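> Sequence plus predicted model, see below.
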Amino acid sequence: MNDSKNPINVDVSVSAKADLAPIIKATPKGFKYLSFLLFGKREANLEKYVRLSKAQTDVDEKGVLEGRLIFNAKENTLLPTPQNLKEQIVGAIQDEEIQNLIACSIKAAENIKEGETEKEPSQDFINRWRNDAKQIHSEELQNIWGRLMAEEINNPNSISLRTLDVVKNISRSEAELFVQYLKYICNGRCLIAYKANESDPIHEEYRVFLQPKPIINRKDLVTLRDAGIIVNASSTDTLSGNWSPLVKGNKNIYYISTINYCFYVFADKVKMIPRVHFLEFSKAAQDIFLILRQDKNIRQYNKQDAIDFIEVIRQDLLDCGAKHIYFGYIENYDQIPVCEKYSL
């Protein structure tokens, strides 16, 4: 990667200042788990060559005399001196963090577009991203993290520092949960809140008081809210808004879009503008959506997803007088796609 084109550098500096006495004094079992936490799986068997070695051998005697090893007469074991152990820990931490940073940088490099802009992302953003990327180990999150940097390089000042804070704290399961609800995300800014109840000819006037069917269950809602994805406090704390107006050819339409599809109705075929009831997304969630919609592995043609979405908004469309809706797979987000007709 050329620094002039990509300001991501691999420069990890780690200092081990912690008191290592508790580690040196740990029991054999305790030391085993401490070495696993500090060194990872690759060095989890560290105790094999730092414990239970007899001081009678020439090699061990030399190590003790040179001050590289400490003989514990009570345990009849050998341990590295604190400074030697520090060096091993620092090396292991640096190695893991550099690997994480390189993996995230590779994901960024794969998605950087040449010649998009003359501007560059701020040094504050680069520093924050580089510092946090060292801690991102999951491949799924490394993909998101790399794409965030690529998007900021392609379009400077498009990704906020707050988004980095949110993404840094999102777990793999939370990210997978977000992806699970992608087909119900509207215009990249909100999640459809519920499926309206069908009309009851006998008790039509009371339909509004019936409890609608939520799209997201309570457990998932709380998870995404706590992860900084959904702003609303509860499933009943919903907002509503009109579909967007647009001129298609010589006709006025109202449209709404998901990650894969655009849906619209003709303005002269409805008695009022269709509305949607939604849960609000945070700015970070909107940024994440922007990143995910560029991922070809996520953005795939699936007509059933479009039909599922239509069924969720079907009653709201019927209420505004619509008899048909048009939908099409989005190839270019700057254009309304070629659509097919779907009867309600």
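Thanks, I have it.

> residue boundaries of the strands in the protein?
For the chain, the strands defined by DSSP state E occupy 69-72, 77-80, 185-186, 190-192, 194-195, 213-214, 239-242, 244-248, 251-257, 261-266, 275-280, 324-329, 340-343.

> dump the residue contacts of Ser257.
186-188, 263, 330 (C-beta atoms under 8 Å, 6 or more residues apart in numbering). In short, each C-beta sits where N, CA and C put it, glycine included.

> out of these, who has the most neighbours?
Phe263 (24 neighbours; other C-beta atoms under 10 Å).

> hey, what's the closest residue to that residue other than its chain neighbours bridged with?
Among residues not flanking Phe263 along the chain, Phe327 sits closest, at 4.8 Å (C-beta to C-beta, 6 or more residues apart in numbering). Applying DSSP bridges to Phe327 yields these beta-bridge partners: Phe263, Glu340.

> can you give me the helices for the stretch 201-344 of the chain?
Listed in chain order, the helices of the stretch 201-344 of the chain (DSSP state H, counting those that start in this stretch) span 218-226, 283-292, 303-319.

> Just confirm Ile144 contacts Lys168, I think it does.
No - the pair Ile144 and Lys168 does not pass the contact test of C-beta atoms under 8 Å, sitting 10.5 Å apart.

> neighbour count winner among the two?
Using other C-beta under 10 Å as the criterion, Ile144 and Lys168 rank with Ile144 on top: 21 against 16.

> looking at the sheet around Tyr255, what are its partners?
Ser244, Tyr264.

> give me every residue that touches it.
Tyr255 sits next to 243-244, 246, 262-264, 336 when contact means C-beta under 8 Å, 6+ apart.

> before we move on, what about Met149?
Taking C-beta under 8 Å, 6+ apart, one finds 8, 104-105, 108, 121, 129, 133 in contact with Met149.

> Swap in 6 Å and give it another go.
Counting by C-beta atoms under 6 Å, 6 or more residues apart in numbering, Met149 makes contact with 108, 129.

> Give me the pLDDT value at it.
pLDDT recorded at Met149 is 85.

> hmm, back to that, and of the helices of the stretch 201-344 of the chain, who's closest to Lys195?
helix 303-319 (4.8 Å; C-beta to C-beta).

> Now do that closest one, average pLDDT.
The model assigns helix 303-319 a mean pLDDT of 91.

> Just the angle for it relative to strand 324-329, thanks.
150 degrees (axes from the mean of the first three to the mean of the last three C-alpha atoms, to 10 degrees).

> what's the angle between helix 303-319 and strand 261-266?
30 degrees.

> can you give me the angle helix 303-319 makes with strand 251-257?
Using the same axes, to 10 degrees: helix 303-319 against strand 251-257 is 120 degrees.

> Next, the angle strand 275-280 makes with helix 303-319.
120 degrees.
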